[in-house]
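Novice: Output the structure for:
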Amino acid sequence: MKYWELLKEENEAVAERHELAMERIGHMKEEATVGEPYRAFFERTVQFIELIEETFQKQMDGTLAAMSQKEATEFNRTLYADILPGAYGKSFANPDYAAKELGEDYGPWLSFLYTEIRSAIVYAYESRLVDVTVLEELFIEVYNLFEDGTPEVAELREPLYYFVSDYCDRMLPWRVRETLDPSLDFGKSIIMDSDLNDLRYLYRFGEYISETELATARFMNELPEETVRRMADTYTEGYRKGFAATGRSYEGKKTVQIRYHIGFERMIRMAVENFRELGLEPIIARASIGTVNRMAARTNGYYGTPANRQYEYDHRYDNAVYLDKAFRERKLSILKVAYETYKDLASVYAGPAVVETFGEAGFEPVNAAAAFSLSEKQEKLLLSYSNEAMQIVDAYIPGTETSFTIIAFPLPEIGAEFEAIFKETIRINTLDYELYRDIQQIMINELDQASQVHISGRGGNRTDLTVQLHTLAEPTKQSNFENCVADVNIPVGEVFTSPQLAGTNGLLHVGSVYIGEFQFKDLEIRFENGIAVSYTCKNFETEEENKALVKQMILKNHETLPMGEFAIGTNTTAYEVALRYGILDKFPILIAEKMGPHFAVGDTCYSWMEDCPVFNPDGREMVARENEISAKRKENPQEAYFGCHTDITIPYSELDTIEAIHPDGTSVKIIAGGRFALPGTEKLNEPLEK
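Specialist: Numbers count the residues shown, from 1 in each chain. Next comes the predicted model:
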C-alpha cells in the first residue's frame, strides 16, 4: 500500500473530529472569555492553527505542488516566520519571551504547547490528519482551562502530560514503522519522481528551505553525471564493504535506511538505484519530530537546515514536562509492542546509510533561563530508558546482523571556495584504500608490542595522557587495533582500540573542537583509571555553565563516562585540505577523527557486538572489543552500556608525541613533533609538509 492510500482511510475516520475541533477554534476569535496576558497567546496560536489548516487543504487539493517558485518560497517563510532569528525574540516558541509575557509559572508550559503545535507543519504536508487533530484538541483543552480565570500550574500540566502519555501509543509506533517500512514513501517519492532541475520540489518536503538547500541542489544539478555517480558509488560501495569487512552477509536483508541533508537528491536518487541493485529497498524517513520522538540532533532521517538552532536548543529538554517513572515504563512497553508488531520488517532491515554535511556557521548557544531542564532524577530515568530501549531494539534488530556507512560532504555555507572544497572532499573520500591499509598495518605491528600508549600535546595543548592496552594472549593471531579503511566510516584513515580502563590516566585537552554543531573552547577532561573524573571548557563565563555544557553535549547527561576508544588518525590529506582552506573547525567528526589522535567517551566502538569476531586485513583478530564496564553485559546490560559514543580529536597542530611503551619500559615513537616517525609511514607526512 502506497503512502497516500494508507492515510486515506484513517483521515476519513477522523474527519468529523477534525471538523468539530476547527469549528471550536474558529469561535475563539470572537470570544472574550480569556483575559490578558494569555489572550494574546491564544489569538496568535489560533492564527497559526488556521495556517496549518490552510496548508493541509492546499496539500490535499494539489495547490502546494502547483505553486510557483516565488509562491512556494513565500509560503515556506510564512510557516516558519515566527521562529526565524529575527522574529524569535518575540515568539511564544521562545521560553524566555513566553515567561516574560505570560509569567514565569505559565510561560514555559505554554511555550511547550506552542512548540508541539508547530509539529503540525509536517503533519499537514504528510496529510496526517489524526496527528493534526489531536494537537488541535489539546489546544482546545488548554484554552478551556483559561476561560473565566487562571488555572493552577498543576491543572495546566495535567493535559500536557496526558497528551504525551496517551498519544505515545500512536506517535512511537508510527516512528518505528516509518524507519522500517519502505512503503511509507512520502520522501522517497519526492526524490524519485520529481524533476530535480525544477527546485520547487524542495518545498514539497515541508521542511524549512533555506538558501543552503537551494544552493546545494543547484550545485548538484551542475555537477557532471560521472561525478555524482562516483559520489553515490563510493557511498553504497562503502555500505557493501562494511558487511564484508565484518564477515557478515546481508543476504536475507531487504531494506536500508538512507539519512541525508535535503539538497543532495540527485546523489540520493542514484544511491537508491545502487541499493536496489544490491537487493535492498531504501527507506527514506524524515528526521523525528514531536517531543516523544525528537532527538537533540535531528539527523536520524532526512532533514534541512534548522530555521533557528537556538529554538531547537531551547526545547531540547522539553521532555522534562512529562518524564517520570510511569511514563518511562509506558514508553518502554509501547516500544516493545511496536517492534513486535513490525518484527517482520525489523528482521529484514540491514542498517542505516548516512550522508553527513559540514560547513555551517558555528553555533554558540545561549542558555534560556525559562527553558525546561531535566532534574537529576529525570536524567537517570532517561538514561535507564535509553539502555532498556537499546536492548529491545537489539532483540529485534541484532547489531550482529546489521552494518552501516557514513560519508560527508560540505554545504555552500562553508564559504566562497565551496566548489573547490567539495571537489577536495570527493578526493578525500576516495583515497587509495590499499596505501592506507598497508601504512596503518605498520603502525599496528608496532603498537601490538606495547602495553601502553602515551600522548602529549605541544604549544598550548596540555594533553598528557597514558592509555592502557589489553594483553594479547596470542600475538601472532591477535591484535589490539583495528585497521580502519573506507567502509563503514568513509574516508580512510585510522587505527583504533578499546582501551583497558585500569591504567588509563591523565589529561585530555583540545584548544578548539566541534562536537556536533557546538564549538568547544579549551575543552579539558581528566581521566583516572579510564573514567572521566573532571571536565570543563571556556565557552561561558561561569564554571557551572561550562561543566553543564560538557555534561549535556559530550557526556550526554551522564555524571561521568569511561574512555571507550583511543585511535590514531592517519588522514593527513584531509588535514592539509582543512588548513589550506581554513576549515579545520568545519570538518565533521567523521573526517576530523581521522586528522589526529582521537578519544571517545561512552561505549566502545563494539557496543552490543563485542562477541562478534573482527579480523584485520592481515588475518589477525582484533580482540580489544570490550573494557571492564562493557564486560558486564551478560550479567547486567544496564550497567554495561551508556547509549553514547562521543569522539574528541586532537589536531596534528596541537600534537607532539604518540609513544608506544613496551612492558619493559622501552618505547618507540609512532608520532614525534607532530610527524609520523615509523619507517614506512613517512608518506603520511607529505601533506603535512605542504
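Novice: what's the offset of the helix or strand residue 527 falls within from the middle of its chain?
Specialist: Per DSSP states H and E, residue 527 falls inside strand 518-528. Distance of strand 518-528 from its chain centroid, counting by Cα atoms, centre = their mean, to the nearest Å, is 20 Å.
Novice: Go ahead and name everything in contact with it.
Specialist: 362-365, 462, 465, 504-514, 532-539, 549-550, 553-554, 563, 585, 601, 648 (Cβ atoms under 8 Å, 6 or more residues apart in numbering). Any C-beta I mention is one placed from the backbone N, CA and C, and that applies to glycine too.
Novice: Show me the contact partners of stretch 329-341.
Specialist: With Cβ under 8 Å, 6+ apart, stretch 329-341 has contacts from 165, 168-169, 172-173, 176-177, 292, 346, 385, 388-389, 392-393, 395-396.
Novice: Generate a PyMOL selection restricted to the buried entries among these.
Specialist: If you want just the buried ones from the contacts of stretch 329-341 in PyMOL, going by 16 or more other Cβ atoms under 10 Å, the selection is:
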select buried, resi 165+168+169+172+173+176+177+292+346+385+388+389+392+393+396
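Novice: Looking at the contacts of stretch 329-341, which are in helices?
Specialist: If you go by DSSP state H, the contacts of stretch 329-341 have 165, 168-169, 172-173, 176-177, 346, 385, 388-389, 392-393, 395-396 in helices.
Novice: of all those residues, which comes closest to residue 495?
Specialist: residue 393 (29.5 Å; Cβ to Cβ).
Novice: Without its sequence neighbours, what residue ends up closest to the closest one?
Specialist: Using Cβ to Cβ, 6 or more residues apart in numbering and skipping residues adjacent in sequence, the residue nearest residue 393 is residue 339, 6.9 Å away.
Novice: Tell me how far the helix or strand hosting the one you found lies from the chain's centre.
Specialist: Element membership for residue 339, per DSSP H and E: helix 325-341. Computed by Cα atoms, centre = their mean, the chain-centroid distance of helix 325-341 equals 22 Å.
Novice: likewise stretch 321-331?
Specialist: 23 Å.
Novice: buried stuff in it?
Specialist: 321-323, 327-328, 330-331.
Novice: Which member of the residues you listed is positioned nearest residue 652?
Specialist: Closest to residue 652, out of all of the buried residues of stretch 321-331 and judged by Cβ to Cβ, is residue 323, at 42.4 Å.
Novice: give me every residue that touches residue 380.
Specialist: Residues counted as contacts of residue 380 (Cβ under 8 Å, 6+ apart): none.
Novice: Regarding residue 372, what is its secondary structure?
Specialist: What DSSP: H, G, I helix; E, B strand; the rest coil gives for residue 372 is coil.
Novice: same deal with residue 665?
Specialist: Under three-state DSSP, residue 665 comes out as coil.
Novice: For the protein, give the strand that spans the most residues.
Specialist: For the chain, the strand with the greatest residue count under DSSP state E is strand 500-515.
Novice: Adjacent strands (with direction) for it?
Specialist: The strands beside strand 500-515 in its sheet (DSSP bridges) come out as strand 464-468 (antiparallel), strand 518-528 (antiparallel).
Novice: What is the subsequent helix or strand relative to the first one?
Specialist: Right, the one you point to is strand 464-468. Beyond strand 464-468 toward the C-terminal end (DSSP H and E), the next one is strand 478-479.
Novice: for that next one, the distance to its chain's centre please.
Specialist: The answer for strand 478-479 is 32 Å, by Cα atoms, centre = their mean.
Novice: Return the closest of the contacts of stretch 329-341 with respect to residue 543.
Specialist: residue 385 (29.8 Å).
Novice: Check what pLDDT the closest one gets.
Specialist: Each residue has a pLDDT score; the one for residue 385 is 92.
Novice: shift numbering so it begins at 724
Specialist: Sure, I'll start numbering at 724, so the last one becomes residue 1108.
Novice: That one and residue 1360: what is the separation?
Specialist: 14 Å (Cβ to Cβ, to the nearest Å).
Novice: for residue 1187, same thing?
Specialist: On the measure of Cβ to Cβ, residue 1187 and residue 1360 end up 34 Å apart.
Novice: Kindly report the same for residue 925.
Specialist: 43 Å.
Novice: Neighbour count: these two, which is higher?
Specialist: residue 925 (25 against 16; other Cβ atoms under 10 Å).
Novice: Name the nearest residue to the more buried one, ignoring sequence neighbours.
Specialist: The shortest distance from residue 925 to any non-neighbouring residue, by Cβ to Cβ, 6+ apart, is to residue 932 (5.0 Å).
Novice: just residue 1130 next, same as before
Specialist: Using Cβ to Cβ, 6+ apart, the nearest residue to residue 1130 is residue 1213, at 4.3 Å.
Novice: show me the contacts for that neighbour.
Specialist: 957-958, 961, 1128-1131, 1152, 1313.
Novice: With that, I have no additional questions.
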